[in-house]
Structure formats: structure tokens, C-alpha cells
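Asks: predicted model follows, preceded by the sequence.
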Amino acid sequence: MSQEINCFEIVQNLIDDCVEKLGLDRTVAEILREPQRVLSVSIPVQMDDGSIKVFKGFRSQHNNACGPCKGGIRFHPDVSMDEVKALSTWMSLKCAVVNLPYGGGKGGVIVNHKELSPNELEQLCRGYIRAIAPVLGADMDVPAPDVGTNGQTMGWMMDEFARYRGYNEFGVITGKPIIVGGSLGRVEATSRGCVFTIRQAAKATGLELKDATVVVQGFGNVGSIAARLLSREDGCKVLAVSDSTGAAYDPNGLDIAALEKFKLETGSVVGFPGSKNITTEELLQLECDILVPAALENQITGENADKINAKIVAEGANGPTTPEADNILAKRNILVLPDVLANAGGVTVSYFEWVQNQYGYYWTEEEVNERLERKMVEAFDSVYSLYKEHGDINMRGAAYMVAIKRIYEAMKIRGWLGNKA
Ligand SMILES: NC(=O)C1=CN([C@@H]2O[C@H](COP(=O)(O)OP(=O)(O)OC[C@H]3O[C@@H](n4cnc5c(N)ncnc54)[C@H](OP(=O)(O)O)[C@@H]3O)[C@@H](O)[C@H]2O)C=CC1
Ligand SMILES: O=C(O)CCC(=O)C(=O)O
């Protein structure tokens, strides 16, 4: 499904619409439709059997009007240049929605990381960073984890960059392990930010979170921790979760702590004792209060949007809902909390990590979480009030308006738009 729909074209069209709605000069759209720079690299890696395998990777720097480019690195077999360009565009918008002094960037390598040994994975991380090092730096472009990457991979990448520079530059990468300049709360941040937006949306729509039913697609960093926080802190009942191998469903609610342990031990959520195996497609159609897509793009489309049975869709993933699906969900009164808002907690705590690295002074987890909550509530309120005020836009449209207005102002003041825009 994700192959047929080009998410870069989708975000370009959404930018066009938004620039028109804001009454801005077309030049603004022309600039934001394309990344400022896209680097395509090839990375030779010596495999454990002595052979050399060449991997293909990308780094896209979408726009740095508001600050250094910022965004994760994805290791996945379906990575493509267009996908990375779309993801970097979303990063510019996301950073602007939560008002961070960043632009957007994103990287990716075409690889099934699960097929590599730890040594091969380390060599790939180091090779990728060497290949893109000339365009990285704490004040230039700052990567972080995304699908298929984590604290360990960030640690290797940060170390490789230190070798390239000749000294430690901790602020060049975020999502690092704590011992090498990581921030407390970063591992949970995307999910915690998503939960903060869900709480705001629940308040705004009168949904009681205690015993609210939740379905989560994806059981990696974002999905598993969202399920954990919603069940542990809000008293929600998580009915079903999925990963790339299938889904586990229990109408009485899954024990998320036990499921996390089971996934760690077996590599899959399928077969979790007491649960029923269902398909990812069946999972998306379950009746629930909150659906959290936290896997990949283009999961809710024109083909299945009329079968979504949730009150709120909170996009933990980037780009899980197509525009066609957005229209169907809006007509059915399903509130979509868009990616550029709902999953902005990750980059927000990455920003906190970068600030802590610059100061060399580290905050407690409570301080991180309090600051994150403030940022997310502020962002939700600005998007939700615009959405209510307009009446003819959805939450995604409102979030794009907040973001593009901010990026426009930065570009204008910097003189990128000449006199007319
Ligand atoms: N990490 C972060 O800080 C941020 C991530 N995001 C976005 O959140 C999403 C998830 O990222 P993250 O959790 O970090 O990535 P992970 O690699 O940690 O997890 C991805 C999860 O998605 C699952 N998955 C893959 N394909 C499917 C499928 N077809 N159906 C169901 N599940 C599937 C994977 O399954 P399996 O476990 O079997 O591999 C895995 O559980 C992405 O869209 C990412 O861009 C957004 C903001 C920040
Ligand atoms: O933490 C970051 O810098 C970026 C996280 C990310 O890649 C995303 O929000 O999609």
C-alpha cells in the first residue's frame, strides 16, 4: 500500500493549499515544495564473511530558515529519496508547530537492519555518518533516531562524528544514550508528547480517558511506549497492538508490561498468551476511542478510512493518513491529531538534549517532562483554536497554517522572499 502513494507529492500539495489559504505569495510554496539540499550517498560495508556490500543512503535538509536542520535517520528496506524528502519537509513543519529554533532534516538508508550482525550494523552507522559528515554539525544539521535506529546506533554515529571532527561534539546528534550526553526522557518523549496531545484532545471533546479503549499500530519505540503510558498513567484499556509480523487482540485489554517483555523475548507481539491473532488491517478497523498509528506512512487510506471505528486518531507515525482518508474521517467526525503535532514530543526533547549539550548541564526527568508538557499543550492549543476558528479546515490544515506562517516570517525577515511576498 505504502508503495503506491507518494508521500512527498502529498506534502507538496498540502503546502500549496496552505500557502493559498494563508494568502501568501506563491514563492513561499515554491521554496517549501523542495528541500534546500538532498545528499545521496553509497556506503560500502565489509560484512562478517569478508564480502563488501554497498548500501544506499540519503540526507535531506528541507529548510533552515528557523535554525539548524533537525530530524531522524531511518533504516528500512522501503526507504527512498522521495520518502526522505517528505519526512524532512514534515520535520520543518513539525519544528515550527512546536516553535523550536530548528528547520527540518531527515536521513535514511535502504537496509533491513534485522538482517545485519551487530558488527555490520555498527559499520553501516559509521559509514553513513562519514558519508554525510560534511553537511552535519550542531549548528548545521542534527540527526536523531527514527524507524530502525535507536540509542546504540546514535552512540556509534556520534562517536564516528567525533573521530571526523577530532573532538566530541555531543550536540551533533540527539537520542544518544545518557552516558554520552543523552537526555533523560528522550526515549519516551515521542509517545509522552503524543499522550499530552491526546489528553488535550480528550478534554476538548469531553472524552473520559479512564477506561477509554485504545488500539495501537506499531510496537516499536513510539507505539509500545504510547501503549504503556496510556494504560499505566491514564487508565486506558489497550485492546490491540501490532508489529510487522501481525497483531495481538484482547477485548478485555492487554497487559502492556507483559507484552513488552514478550516482544523483547520473541521479537513479535503475535502469540502473546491470552490474545487473539488478527491482521493489521483488522486491527485498524477495531471499534475504539483512540487509534494510534505508530508504524509507517499511508496506513489509513481512501480504501479503509470508512471502516475506521475510532473517535480520535493520534498520529504517532509520520504520514499514516492520506488526504483522501483525511476527508473521509473529517466527514465521519473522527478527530485526527496530525503527525506534525501529535509526534512532535520526540524532536522537542531532542531540542532539550541539544540545549543541555550546549550548556554541559543536565536536567532531571521531571524537568524534561514538565517542559515537554508545556510545549505540547501550547502547540495543541494554538492548532486547536485555529481549527475551531476556521470551521472549514481539519487539524492538519490548522497545524500547517501555524507552521507555514512561522517559517514564512523567518524567511521574510531573512530576505529570502524579496520585497513582494
Ligand atoms: N522515534 C522517534 O522519536 C519518532 C518516530 N516517529 C515516527 O513514528 C513511527 C514509528 O517509529 P519508531 O517507533 O521510532 O520506529 P521503530 O523502528 O522503533 O518501530 C516501528 C514499529 O512499526 C512496526 N511496523 C513496521 N511495519 C508495520 C506494519 N506494516 N504494520 C504494523 N507495524 C509495523 C515495526 O514492527 P517490528 O517491531 O516487527 O519491526 C515496529 O514495531 C515512524 O513513522 C516514525 O517516523 C515520529 C517522531 C519521532
Ligand atoms: O528527535 C528528532 O530530532 C527527530 C525525530 C524525528 O525524526 C521525527 O520527529 O520524525
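Replies: Good, I have the coordinates. Ligands and ions are numbered 1, 2, ... in the order given.
Asks: residue in the stretch 151-300 of the chain nearest to ligand 2?
Replies: Per C-beta to the nearest ligand atom, the residue of the stretch 151-300 of the chain with the smallest distance to ligand 2 is Thr174, at 5.4 Å. Glycine gets a C-beta too; all of them are placed from N, C-alpha and C.
Asks: how many residues are close by that residue?
Replies: Residues lying near Thr174 (other C-beta atoms under 10 Å) number 30.
Asks: when you give positions from now on, start the count at 49
Replies: New numbering, starting at 49: the last item is Thr222.
Asks: contacts only, for it.
Replies: Thr222 sits next to 190-192, 202, 230-231, 234, 398-399, 401-402 when contact means C-beta atoms under 8 Å, 6 or more residues apart in numbering.
Asks: just name the closest of the residues you listed to Met95, please.
Replies: Met202 (22.6 Å; C-beta to C-beta).
Asks: that closest one and Gly229 touch, don't they?
Replies: No: counting by C-beta atoms under 8 Å, Met202 stays clear of Gly229, with 10.0 Å between them.
Asks: which ones are touching the closest residue to the residue of the stretch 199-348 of the chain closest to ligand 2 other than its chain neighbours?
Replies: Nearest residue to Thr222 in three dimensions, chain neighbours excluded: Ser398, at 3.7 Å (C-beta to C-beta, 6 or more residues apart in numbering). Ser398 makes contact with 118, 190, 192, 222-223, 231, 234, 237, according to C-beta under 8 Å, 6+ apart.
Asks: what do you get if the cut-off is 7 Å, keeping everything else the same?
Replies: 118, 192, 222-223, 234 (C-beta atoms under 7 Å, 6 or more residues apart in numbering).
Asks: wasn't it part of a helix?
Replies: Yes: assigned with DSSP: H, G, I helix; E, B strand; the rest coil, Ser398 falls within a helix.
Asks: around the closest residue to Gly319 other than its chain neighbours, how many other residues sit close by?
Replies: Distance criterion C-beta to C-beta, 6+ apart; nearest residue to Gly319, sequence neighbours excluded, is Asn325 at 7.1 Å. A total of 14 residues lie near Asn325 under the criterion other C-beta under 10 Å.
Asks: from what I see, Asn325 and Val318 are in contact.
Replies: Yes: applying C-beta atoms under 7 Å as the test, Asn325 and Val318 come out as touching, 5.6 Å apart.
Asks: follow-up on the earlier one: of the contacts of Ser398, which belong to strands?
Replies: Taking DSSP state E, the ones among the contacts of Ser398 that sit in strands are 118, 192.
Asks: any chance of CSV for the contacts of Ser398, columns pLDDT and distance to Lys133?
Replies: Shown next, in CSV, are the contacts of Ser398 (pLDDT from 0 to 100; distance: C-beta to C-beta, whole Å):
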residue, pLDDT, distance to Lys133
Lys118, 98, 15
Ala192, 98, 18
Thr222, 98, 21
Gly223, 98, 21
Arg234, 98, 25
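Asks: got the contacts of Ser398 as JSON lines, with distance to Arg454 columns?
Replies: Shown next, in JSON lines, are those (distance: C-beta to C-beta, whole Å):
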{"residue": "Lys118", "distance to Arg454": "15"}
{"residue": "Ala192", "distance to Arg454": "21"}
{"residue": "Thr222", "distance to Arg454": "21"}
{"residue": "Gly223", "distance to Arg454": "24"}
{"residue": "Arg234", "distance to Arg454": "24"}
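Asks: in this structure, what residue lies closest to ligand 2?
Replies: Counting by C-beta to the nearest ligand atom, the chain gets nearest ligand 2 through Gly120, at 2.6 Å.
Asks: strand partners (parallel or antiparallel) of whatever helix or strand that residue lives in?
Replies: Assigned by DSSP states H and E, Gly120 belongs to strand 117-124. Next to strand 117-124 in the sheet, as set by DSSP bridges, lie strand 151-158 (parallel), strand 189-193 (parallel).
Asks: does the residue of the chain closest to ligand 2 really touch Val190, like I thought?
Replies: No: look at Gly120 against Val190 with C-beta under 7 Å: they stay out of range, at 10.2 Å.
Asks: so which of the strands paired with strand 117-124 is nearest ligand 1?
Replies: Ranking these by proximity to ligand 1 (C-beta to the nearest ligand atom) places strand 189-193 first, at 5.0 Å.
Asks: may I have the closest one as PDB, with CA atoms only?
Replies: Extracted in PDB, the C-alpha atoms of strand 189-193 (Å, rounded to 0.1, in the frame of the first residue of the first chain):
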ATOM      1  CA  ASP A 189      22.100  19.600  10.800                       C
ATOM      2  CA  VAL A 190      21.400  17.400  13.800                       C
ATOM      3  CA  PRO A 191      20.200  13.800  13.300                       C
ATOM      4  CA  ALA A 192      18.300  11.600  15.800                       C
ATOM      5  CA  PRO A 193      16.600   8.100  15.800                       C
END
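Asks: hmm, that strand in reach of ligand 1?
Replies: Yes: residues of strand 189-193 are located near ligand 1 by C-beta under 6 Å from any ligand atom, namely Pro193.
Asks: alongside ligand 2, which residues does the stretch 299-448 of the chain contribute?
Replies: Proximity of the stretch 299-448 of the chain to ligand 2, by C-beta under 6 Å from any ligand atom, involves residues 366, 391, 394-395, 398.
Asks: burial check on Gly439, number of neighbours?
Replies: Gly439 is flanked by 6 other residues according to other C-beta under 10 Å.
Asks: and for Glu415?
Replies: 15.
Asks: in the chain, which residue sits closest to ligand 1?
Replies: Here the chain gets closest to ligand 1 at one residue, Gly268, 1.8 Å apart by C-beta to the nearest ligand atom.
Asks: now that residue: how far from Leu344?
Replies: Separation of Gly268 from Leu344 (C-beta to C-beta, to the nearest Å): 10 Å.
Asks: look at those two and report which has more neighbours.
Replies: Neighbour count, other C-beta under 10 Å: between Gly268 and Leu344, Leu344 has more, with 21 against 18.
Asks: isn't Val102 up against Ser90?
Replies: Yes: counting by C-beta under 7 Å, Val102 does reach Ser90; the two are 5.3 Å apart.
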